[in-house]
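>>> output the structure for:
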Amino acid sequence: MGMTIGEKIIARAAGVESVKAGDIQTVTLDRLMSNDGTTHLTVDMYNNKLKNPRIADKDKIVFIMDHNVPAENPKTAEAHKKMRNFAKEHGIVLYEGQGVCHQIMLEDWVCPGEIIFGADSHTCSYGALGAFGTGVGCTDLLYAIVTGKSWVLVPETIRFNLHGKLREGVYPRDLILTIIGDIGANGANYKVMEFAGDGAHNLSINDRMVLCNLCVEAGAKSGIVEPDEKVVEYCAEHGREAKADQMFVSDDDATFAAVYEYDLSKIEPVVARPDFVDDVIPLSECPKVKIDQAFLGSCNNGRIDDLRVAANILKGKKVSDEVRFIVAPASNAVYLEALEEGIMDTLMEAGAQIMNANCSVCWGSCQGVIGENEVLISTGTRNFKGRAGHPSSKVYLGSAETVTKAAITGYING
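Numbering: from 1, shown residues only. Prediction:
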């Protein structure tokens, strides 16, 4: 029987010829990522709970500070200090103030066919390059740090065959929110969401990052786009090789839990309403909603493509006096590119507030926290109650275009 992409990656990591959904396999991990959300907890357990603390392979570990950067209080500063000291002591690569963890991993580390554990739920983003990325808790990460291995229950795979191209003014963000709205927030629980077809191959690598990043919002274990020449080119441009024998595609006789067909030309702009990511409606059907804040950024929509969209819309216009428009590039590389293109000039002249490259408003902890009964339109990853601030606040999710237009008018669909 044939295998899916996810099954092939797990089989390679387990050193076996084949696996099937439901199998439990011990895998050797290709890379581990931890950010400042929980690394201090992992460090505490390593130092205080292990009888024989050791690191299997320091060169496979990447630490990234991105959630509360720079530190906003003494508690965070102490957590950051633990992270720095541990990385220095053990020779672990550490990024601080350079961007959102998943963007950095995709820019600098991820290769197709790899299996990667990250102590963050949106580690599924790495499927944009044909890798199996999945989020784990800090205890599972600690085990992987010490042993270099972990166990995996082989998930079933849901296949999404994408056809054609998105129309102008419609974005991958609209596509993945539409899919989540269709299948529900539990529609892919502990499954791989696999994207293939000519429509998937028409998407850029940045576009694929958007799709895979939000797969966890449908409950998925991972999201993977069938890799192609664009993946090879991206890896080469970023100084690494995409190995031909790890460019996995699903076999013709692979078994899927379900198969969906999507004509990309029929996708339209959408918004996800508070407080559920699967409460998705066409933007055209959304009533006029007054907003207090707009956010462009996050590991889902803080890349150069998104900043270009915002700049093109804002050129010659102004952000509403009643709106705070906060922009946080996904990485310093994105930030520098935007500076070179004059995008930052355009955004600032229009009244946007530019943040350093970090999780920012999406994380709801250190920048742009929203107050009681305030309304946010965001390109962030989640919109559950209290995600971006006060429990009574409301978060709508939309594309970079939808967010930017709302920042100008002061209204969603205004």
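
>>> check which helix or strand the residue of the chain most remote from its centre maps to.
Centroid-distance maximum for the chain: residue 51 at 35.2 Å, with C-alpha atoms, centre = their mean. Counting by DSSP states H and E, there is no helix or strand that carries residue 51.

>>> same question, the one 4 residues further on
Take DSSP H and E as the rule and residue 55 turns out to sit in neither a helix nor a strand.

>>> neighbours of it, how many?
Look at residue 55: counted by other C-beta atoms under 10 Å, it has 18 neighbours. (Each C-beta comes from the backbone N, C-alpha and C, glycine too.)

>>> from memory it sits against residue 42, does it?
No - Residue 55 lies out of contact with residue 42 (C-beta atoms under 8 Å); the separation is 11.5 Å.

>>> name the residues contacting each of the two.
Counting by C-beta atoms under 8 Å, 6 or more residues apart in numbering, the contacts common to residue 55 and residue 42 are residue 145.

>>> count the residues that sit near the residue nearest to residue 258 when sequence neighbours are not counted.
The shortest distance from residue 258 to any non-neighbouring residue, by C-beta to C-beta, 6 or more residues apart in numbering, is to residue 158 (4.9 Å). For residue 158, the tally of surrounding residues (other C-beta under 10 Å) stands at 24.

>>> same question for residue 8.
Using other C-beta under 10 Å, residue 8 has 21 neighbouring residues.

>>> what sits closest to it if chain neighbours are left out?
Computed as C-beta to C-beta, 6+ apart, the closest residue to residue 8 that is not its neighbour in sequence is residue 248, at 4.2 Å.

>>> doesn't that neighbour fall inside a helix?
No - Residue 248 is assigned coil when assessed by DSSP: H, G, I helix; E, B strand; the rest coil, not a helix.

>>> for it, what are its contacts?
Contacts of residue 248 by C-beta under 8 Å, 6+ apart are 5, 8, 9, 112, 113, 130, 227.

>>> could you redo the last one with a cut-off of 10 Å?
3-9, 11-12, 112-113, 130-132, 224, 226-227 (C-beta atoms under 10 Å, 6 or more residues apart in numbering).

>>> taking the residues you listed one by one, which sit in helices?
Here DSSP state H is the test, and the contacts of residue 248 give 5, 6, 7, 8, 9, 11, 12 as lying in helices.

>>> wait, the second one sits on residue 25?
So the one you mean is residue 6. No - at 11.7 Å, residue 6 does not count as touching residue 25 under the criterion of C-beta atoms under 10 Å.

>>> more neighbours: these two, which one.
Set residue 6 next to residue 25 and count neighbours by other C-beta under 10 Å: residue 6 wins out with 30 against 17.

>>> list the contacts for the more buried one?
By C-beta under 10 Å, 6+ apart, the contact set of residue 6 is 19, 21, 115, 127, 132, 134, 152, 154-157, 191-194, 221-224, 248, 250, 254.

>>> swap in residue 28?
In this structure, residue 28 makes contact with 12-15, 56-57, 60, 115, 144, 147-150, judged by C-beta under 10 Å, 6+ apart.

>>> what residue is smack in the middle of the chain?
Nearest to the geometric centre of the chain sits residue 213, at 3.4 Å (C-alpha atoms, centre = their mean).

>>> setting aside sequence neighbours, what's the nearest residue to that residue?
That would be residue 125: by C-beta to C-beta, 6+ apart, it lies 4.2 Å from residue 213.

>>> that concludes my questions; thank you for your assistance.
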